[in-house]
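[1] how would this look folded up:
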Amino acid sequence: MGTEVDHRDFSREDRRRFREQVGRCTEAVARMLADGLFTDQGNPPEPLLGMEVELNLVDRAMNPAMSNAVVLEAIADPDYQTELGQFNIEINVSPRPFVGADTVSLETSLRESLNQADAKAASIGNHLVMIGMLPTLRQEHFAHQWISANPRYDLLNQQIFAARGEDIELDITGVPLVPGEIPDRLQTSIDSILPEAACTSLQLHLRVAPESFADHWNAAQALSGVQVALAGNSPFLAGSALWHESRIPVFEQATDTRPQELINQGVRPRVWFGERWITTIFDLFEENTRYFPALLPVTTEDDPLAQLEAGEIPELTELRMHNGTVYRWNRPVYDVIDGQAHLRVENRVLPAGPTVLDIMANAAFYYGLLRGLVDADRPIWSQMSFDAAAENLHAAARDGMDCQLYWPTVGWVQPDELVLRRLLPIAEEGLAAFGVASDVRDRYLSIIEGRAVTLQTGSVWQRSCVAAREEAGDSREVALSGMLSEYIERMHDGAPVHTWDL
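    Okay, the predicted model is just below:
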């Protein structure tokens, strides 16, 4: 979705042509798989750690700062880019070798980059916040005027509402801050897709060989619920205490192109976990063409099948554009670098923050556990239903460390017990298989262990802090601002969130 788009109106012919082009691109993928035209085919690539971190902007009063254009101008670093909301930016972290001690060098460079960017933002009265959902966002901040200036965002907004035909409905019943209290409920109509911008994520990329793509995607789906339970950091939106990882339901509802009638008919949502385990990446691209109409039907003159016949590797521009508007929690990625095509799994379930160290721990746990599950003698996805994996994701998003997850040979279990008794050893073995040094494995996995022992995630800390402030007499608005100010201070201190006190 980083592609620049300058078209403002789409004709019926544009949509017909785009559908035809996506179909030809999908056929090209099938031919490339059959003919061994991916650079990593039969030769697993060197493991690289790549990530994108979405950030929020706040002013000195902890309110959202609608200033991403001037902040990016002040930062003046091509690694930082605009995002959907004027209160968002994103940093793209260049892939690094995932071997030896190189992972710690990525941690150091990421921390230095964020510190420098924050200092430049502070020079114009703003601050960067790594958090899954900015707690001081209010409904007024979702007005259309706060969409970023880049034309593609406004165009995407137009197309989603054109497909839907009515305002977007948010309806989420939360989890009480204090047991026994009546839960908050956020129920409102929104005339823009800006609630999507409230969902700021950590996105992890892993380049894989085509023949092992399905195993990696299936494993990523299976462990998504565990990831979310351990890393929840998004409990508040529009003054309401919602889920531990509210990004999940907010994103699902804020980008839903279906009116209620289509929901009743079982039409698939654009934010989609999926509905089955796969056997090849082609399954996912074929689902895209079968189920999802175009949102941004921008076409090229390329003929991917003719390019293959000529011995060229096609860019598959239409397939990539279409794939970027189907919001899977684990997304397939086709990319071409220096004339060579490769495939990646993009993991999108994690929130940003709370600290650089927490981000690195989340990444290490994901990559290690993913590798361990892929290398297992019996695949995890052959031992559990796909529906169980989907239910795990939503249970973890709602209840965090208090949820019950289903895991094969264990049954229903809380995340802390599952992580401590079963998954940490698998993640350790997976990181070792990648070639990650033992001291690096200990550094990051000890943080995951600490969260499981203390039962404290970013969401748990935020909720406890706000509850304590309200008990001391603060209003919800004052409590949220005070909590966020303290959160930012601790974010800069850098100690992992499981060690934060109140």
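
[2] In three-state terms, label the residue nearest to the spatial centre of the chain for me.
    With distances taken as C-alpha atoms, centre = their mean, residue 348 lies nearest the centre of the chain, 2.6 Å away. At residue 348 the chain is in strand, as set by DSSP: H, G, I helix; E, B strand; the rest coil.

[3] Mind jotting down where the strands sit in the stretch 251-400 of the chain?
    In the stretch 251-400 of the chain, the strands defined using DSSP state E, counting those that start in this stretch lie at 271-272, 327-328, 330-337, 340-351.

[4] Which residues belonging to the longest one are considered buried?
    Buried residues in strand 340-351, counted by 16 or more other C-beta atoms under 10 Å: 341-351. (Glycine included, C-beta is placed from N, CA and C.)

[5] any chance of those in TSV, plus pLDDT?
    Output for the buried residues of strand 340-351, formatted as TSV (pLDDT from 0 to 100):
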residue	pLDDT
341	96
342	96
343	96
344	95
345	96
346	97
347	97
348	97
349	98
350	98
351	98
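
[6] ok, so of these, who is nearest residue 96?
    Nearest to residue 96 among those: residue 344, at 14.6 Å, using C-beta to C-beta.

[7] Contacts only, for that closest one.
    Listed by C-beta atoms under 8 Å, 6 or more residues apart in numbering, the contact set of residue 344 reads 50, 205-208, 332-333, 335.

[8] Wait, residue 241 touches residue 174, no?
    Yes. At 4.9 Å, residue 241 counts as touching residue 174 under the criterion of C-beta atoms under 8 Å.

[9] contacts for stretch 429-446?
    By C-beta under 8 Å, 6+ apart, the list of residues contacting stretch 429-446 from outside reads 47, 98-101, 103-104, 360-361, 363-365, 367-373, 375, 424, 427-428.

[10] Can you turn the buried subset of those into a selection I can paste into PyMOL?
    Of the contacts of stretch 429-446, the buried ones can be selected in PyMOL as follows, counting by 16+ other C-beta under 10 Å:
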select buried, resi 47+98+99+103+104+360+361+363+364+365+367+368+369+370+371+372+373+424+427+428
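
[11] Please confirm that residue 9 is located within a helix.
    No. Counting by three-state DSSP, residue 9 is not part of a helix but coil.

[12] From the contacts of residue 344, list the buried ones, please.
    The neighbour count (16+ other C-beta under 10 Å) marks 50, 205-208, 332-333 as buried among the contacts of residue 344.

[13] in this structure, which segments are predicted with low confidence?
    Along the chain, the model assigns pLDDT under 70 to residues 1-8.

[14] Could you give me the buried positions within the longest helix seen in the chain?
    Counting by DSSP state H, the longest helix found in the chain is helix 12-35. Of all the residues in helix 12-35, those buried under the rule 16+ other C-beta under 10 Å are 14, 17-19, 21-22, 24-29, 32-33.

[15] Stretch 104-114 too?
    In stretch 104-114, counting by 16+ other C-beta under 10 Å, buried: 104, 106-107, 110-111, 113-114.

[16] how far does it sit from the chain's center?
    The chain centre lies 20 Å from the centre of stretch 104-114; the measure is C-alpha atoms, centre = their mean, to the nearest Å.

[17] that older thread, going by distance to residue 169, which of the contacts of residue 344 wins?
    Nearest to residue 169 out of the contacts of residue 344 is residue 332 (C-beta to C-beta; 29.4 Å).

[18] returning to what we had before: between residue 241 and residue 174, what contacts are shared?
    Common neighbours of residue 241 and residue 174, counting by C-beta under 8 Å, 6+ apart, are 183-184.

[19] Please export the C-alpha coordinates of the strand or helix carrying residue 469 as PDB.
    Assigned by DSSP states H and E, residue 469 belongs to helix 458-471. Taking Å, rounded to 0.1, in the frame of the first residue of the first chain, the C-alpha atoms of helix 458-471 are listed here in PDB:
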ATOM      1  CA  GLY A 458       1.700  -3.100  28.100                       C
ATOM      2  CA  SER A 459      -2.100  -3.300  28.200                       C
ATOM      3  CA  VAL A 460      -2.100  -4.700  31.800                       C
ATOM      4  CA  TRP A 461       0.100  -1.800  32.900                       C
ATOM      5  CA  GLN A 462      -2.000   0.800  31.100                       C
ATOM      6  CA  ARG A 463      -5.200  -0.500  32.500                       C
ATOM      7  CA  SER A 464      -3.800  -0.700  36.100                       C
ATOM      8  CA  CYS A 465      -2.400   2.800  35.900                       C
ATOM      9  CA  VAL A 466      -5.700   4.300  34.700                       C
ATOM     10  CA  ALA A 467      -7.700   2.400  37.300                       C
ATOM     11  CA  ALA A 468      -5.400   3.600  40.100                       C
ATOM     12  CA  ARG A 469      -5.600   7.200  38.900                       C
ATOM     13  CA  GLU A 470      -9.400   7.000  38.700                       C
ATOM     14  CA  GLU A 471      -9.500   5.500  42.200                       C
END
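
[20] elements contacting the following helix or strand past it?
    Using DSSP H and E, the helix or strand that follows helix 458-471 in sequence is helix 476-493. Applying 3 or more C-beta pairs under 8 Å, 6 or more residues apart in numbering; DSSP states H and E, one finds that helix 476-493 contacts strand 126-129, helix 458-471.

[21] What are the contacting residues of helix 476-493?
    With contact meaning C-beta under 8 Å, 6+ apart, helix 476-493 is reached by 58, 61-63, 115, 118, 127, 129-131, 134-136, 236, 239, 353-355, 461-462, 465-466, 469-470, 474, 497, 500.

[22] correct me, but residue 329 touches residue 225?
    No. Using C-beta under 8 Å, residue 329 is not in contact with residue 225, being 10.3 Å away.

[23] Who has more neighbours out of the two?
    The neighbour count for residue 329 versus residue 225, taken as other C-beta atoms under 10 Å, is higher for residue 225 (26 against 23).

[24] Might you report the residue contacts of the more buried one?
    By C-beta under 8 Å, 6+ apart, the contact set of residue 225 is 389, 391-393, 395-396, 403, 405.

[25] Quick check: the gap between residue 90 and residue 79.
    Using C-beta to C-beta, to the nearest Å, residue 90 is found at 9 Å from residue 79.

[26] of these two, who's got more company?
    Neighbour totals were compared for residue 90 and residue 79, and residue 90 leads with 21 against 13 (other C-beta under 10 Å).

[27] who's in contact with residue 393?
    Contacts of residue 393 by C-beta under 8 Å, 6+ apart are 224-225, 228, 248, 273, 329, 349.

[28] now do 7 Å
    By C-beta atoms under 7 Å, 6 or more residues apart in numbering, the contact list for residue 393 reads 224-225, 228, 248, 273, 329.
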